[in-house]
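>>> Next comes the sequence, and after it the predicted model I'd like to discuss.
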There are 2 protein chains.
Amino acid sequence: MIAETNGYMAAALDEARRAAAEGEVPVGAVLVRDGHILVRAHNRVETDRDPTAHAELLAIREACRILGEPRLPDCDLFVTLEPCAMCAQAISMARLRRLYFAAYDPKGGAVEHGPRLFGQPTCHHAPEVYGGIGERAAAELLRGFFKDRR
Amino acid sequence: MIAETNGYMAAALDEARRAAAEGEVPVGAVLVRDGHILVRAHNRVETDRDPTAHAELLAIREACRILGEPRLPDCDLFVTLEPCAMCAQAISMARLRRLYFAAYDPKGGAVEHGPRLFGQPTCHHAPEVYGGIGERAAAELLRGFFKDRR
């Protein structure tokens, strides 16, 4: 189970590297169902000129399109950065079962930081959350990206 | 100015009625730039089988597509219901100038209720917010919709 989890996060990290190669903030995600990766996605905000094109939102939308369902109760999401409030709320509304994320984001994260959305009394569905999975590699990729930009 | 504001909200309410006619939770939005309506959108979650297809997110994405920009600093959004956390965060990331909303949403709203996203220390951009504009008609439409469903 740990090996599988690490494998899925490694696939999400590959997606993050693709984002970096495209000049995007390096965040990647994979959506897993029945032990298989259903969708791979990475941040495309600048490429698509779409502020909502975060890896998580793209993965959720594509999975719903593939499955023809607006909810994903038997799916798990692996993402390389703690989700922001937009993505955390989308994860809740999509009824995702589990969320695994790598790097913590004290500035923009909304799961373990800021509004802590899944702990709000108005949150109708909270996934199981596992933070810090493969944190070091994801954080180094992000740090390297922002260092090069300065 | 008040007449214009009411006119834009009336257009958003027309969109909400379209949503209701399609069996969707009746929420509509218009995005305004330079005194003109750039985009009209309504909730399409069930039709598109997409949990992120809220009126606000659809309006923001379409406006960014039309303008070819991932941010909308000179645009105002009119929406018939207080935005949820997903939409509020998207409004912040899109750098929208002003948010006008009609009905308050104590259960799912994230602007004046729940996480109050724009007041969070981690919120990088908050629009000017005007709540309760045309509240009565929007709230009645929502109440009627949920009453018919019971």
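The structure has been received and is ready for your questions.

>>> near chain B at all, the longest helix seen in chain A?
In chain A, taking DSSP state H as the definition, the longest helix is helix A:2-21. No - Helix A:2-21 is not in contact with chain B by C-beta under 8 Å from any C-beta of the partner chain; minimum separation 14.4 Å. (C-beta placed from N, C-alpha, C; glycine too.)

>>> and that helix, what does it pack onto?
strand A:28-33, strand A:36-42, helix A:55-67, strand A:75-81, strand A:98-103, helix A:135-149 (3 or more C-beta pairs under 8 Å, 6 or more residues apart in numbering or on different chains; DSSP states H and E).

>>> Pull that helix out as CSV, backbone CA atoms only.
Output of helix A:2-21 as CSV, limited to C-alpha atoms (Å, rounded to 0.1, in the frame of the first residue of the first chain):
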residue,chain,number,x,y,z
ILE,A,2,2.8,2.4,0.8
ALA,A,3,4.7,1.4,-2.4
GLU,A,4,1.5,2.0,-4.4
THR,A,5,0.9,5.4,-2.8
ASN,A,6,4.5,6.4,-3.5
GLY,A,7,4.1,5.3,-7.1
TYR,A,8,1.0,7.4,-7.6
MET,A,9,2.7,10.4,-6.0
ALA,A,10,5.8,9.8,-8.3
ALA,A,11,3.4,10.0,-11.3
ALA,A,12,2.0,13.3,-9.9
LEU,A,13,5.6,14.6,-9.6
ASP,A,14,6.3,13.7,-13.2
GLU,A,15,3.3,15.8,-14.1
ALA,A,16,4.7,18.7,-12.0
ARG,A,17,7.9,18.4,-13.9
ARG,A,18,6.0,18.8,-17.1
ALA,A,19,4.4,21.9,-15.8
ALA,A,20,7.8,23.3,-14.9
ALA,A,21,9.1,22.6,-18.4
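
>>> Specify the angle between it and helix A:55-67 in degrees.
Orientation of helix A:2-21 against helix A:55-67 (axes from the mean of the first three to the mean of the last three C-alpha atoms, to 10 degrees) gives an angle of 110 degrees.

>>> Tell me the spatial nearest neighbour of A:Cys75, not counting adjacent residues.
Residue nearest to A:Cys75 in three dimensions, not counting chain neighbours: A:Arg33, with 4.7 Å by C-beta to C-beta, 6 or more residues apart in numbering or on different chains.

>>> is that neighbour in a bridge, and if so with what?
Here A:Arg33 sits in beta bridges with A:His36, A:Cys75, going by DSSP bridges.

>>> Surely it and A:Asp74 touch.
Yes - counting by C-beta atoms under 8 Å, A:Arg33 touches A:Asp74, with 6.1 Å between them.

>>> More neighbours: which of the two?
A:Arg33 (16 against 12; other C-beta atoms under 10 Å in any protein chain shown).

>>> List the contacts of that one.
Applying C-beta atoms under 8 Å, 6 or more residues apart in numbering or on different chains to A:Arg33 gives the contacts A:63, A:72, A:74-76.

>>> quick one: it from A:Ala102, how far?
Computed as C-beta to C-beta, to the nearest Å, the A:Arg33 to A:Ala102 distance reads 20 Å.

>>> what do you get for A:Thr52?
21 Å.

>>> again with A:Ala11
12 Å.

>>> So these two - more neighbours on which side?
Ranked by neighbour count (other C-beta under 10 Å), A:Ala11 and A:Ala102 place A:Ala102 first, with 26 against 16.

>>> if you average pLDDT over each of the helices and strands packed on helix A:2-21, which comes out lowest?
Sorting the helices and strands packed on helix A:2-21 by mean pLDDT places helix A:135-149 lowest, at a mean of 92.
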